[in-house]
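**Student:** Give me a 3D structure for the following:
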Amino acid sequence: MTNDILLRYSIRDALEFCRTHHIQIPPDLLDGLEAVGIAAKAIGDITAISAEYHDAITQAIISYFNGERRRQNANADFRKACTQAFGDGFDTGWQDGGGQLPTDPDANDWLNARTEEEFGHISVLFSQMKDLKGEEGFDYFAYATARADGYTKTLLAVYGMGKIMAAKNKMLTFAGPNGQPDNICQRNNGTCVRLMGQRHRASWWVAHDLLPYPGNANYDCGAWECRHRLEDDDGNKFTQ
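**Tutor:** Numbering: from 1, shown residues only. Predicted coordinates for the structure are as follows:
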């Protein structure tokens with residue numbers, strides 16, 4: 001391997017370190033790197049980040065099922081994509097919430113813990129896939145797409161947490177349409193019903209972990225199909 005190639009790999013590793021540790025890279029340095037063909041993916045577009053993550057998840061799963069990658073390698077591919085997507089997504093949310101990079105220590109701690117939690121889910125997924133791989137006629141393309149859809153929704157929740165953590169003192173109100181009458185929240189005066197119309201600072205919603213994202217155990221309904229959201233005082237949607 002030539003010295004030029006080694007240098008490029010070293011620079012890419014350094015960029016990945018900066019992304020993982022939420023270290024802002026000066027724009028003029030990014031421009032210089034792009035000029036010589038070394039690009040660091042810019043944050044700022046959660047739609048693009050989500051699409052890239054979706055593709056990476058799909059590829060990791062399919063590469064295991066078709067034998068292109070061993071289970072531990074495909075797992076590592078997924079984890080690497082998760083680290084990058086969560087970091088970029090959280091930083092994008094942080095900026096969209098009015099924060100300046102780098103993020104603060106509390107935000108870093110939350111993101112690191114959430115990423116480790118997701119690694120656990122990914123490991124469980126690959127354990128399940130080991131059993132599915134032997135099933136005759138199993139449609140692993142459909143399976144990969146469904147799993148990618150689910151994990152990408154989690155990324156949107158990470159983005160939302162970055163946004164609301166940065167907003168701090170911004171006043172936000174719980175709003176949005178209710179679910180079906182037989183929804184657990186509607187039947188039993190659940191979390192969504194009790195929160196409807198409540199207005200608090202963004203920091204309050206964070207402290208009580210009440211961002212309405214799929215899988216939030218602090219909601220009676222788990223917020224799996226929740227259409228509620230947090231809105232600013234002008235009625236604009238603040239969370240996904």
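**Student:** only C-alpha atoms for contact and neighbour calcs from this point on.
**Tutor:** OK.
**Student:** So the residue nearest the centre of the chain versus Thr58, what's the distance?
**Tutor:** Of all residues in the chain, the one closest to the mean position by CA atoms, centre = their mean is Leu155, 1.9 Å from it. Relative to Thr58, Leu155 is positioned 15 Å away (criterion: CA to CA, to the nearest Å).
**Student:** for Thr191, same thing?
**Tutor:** 34 Å.
**Student:** in which helix or strand would I find the residue nearest to the centre of the chain?
**Tutor:** Assessed by DSSP states H and E, Leu155 sits inside helix 140-167.
**Student:** remind me, longest strand of this structure?
**Tutor:** Longest among the strand segments of the chain by residue count, using DSSP state E, is strand 171-175.
**Student:** hey, where'd the helices end up in this structure?
**Tutor:** 3-20, 27-35, 46-65, 71-96, 105-132, 140-167, 184-187, 191-195, 202-207 (DSSP state H).
**Student:** Please convert these to JSON lines, extending it with distance to Asn218 and mean pLDDT.
**Tutor:** Below are the helices of the chain laid out as JSON lines (distance: least, CA to CA, whole Å; pLDDT from 0 to 100):
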{"stretch": "helix 3-20", "distance to Asn218": "28", "mean pLDDT": "61"}
{"stretch": "helix 27-35", "distance to Asn218": "40", "mean pLDDT": "67"}
{"stretch": "helix 46-65", "distance to Asn218": "25", "mean pLDDT": "94"}
{"stretch": "helix 71-96", "distance to Asn218": "21", "mean pLDDT": "94"}
{"stretch": "helix 105-132", "distance to Asn218": "16", "mean pLDDT": "94"}
{"stretch": "helix 140-167", "distance to Asn218": "14", "mean pLDDT": "94"}
{"stretch": "helix 184-187", "distance to Asn218": "12", "mean pLDDT": "68"}
{"stretch": "helix 191-195", "distance to Asn218": "8", "mean pLDDT": "88"}
{"stretch": "helix 202-207", "distance to Asn218": "11", "mean pLDDT": "95"}
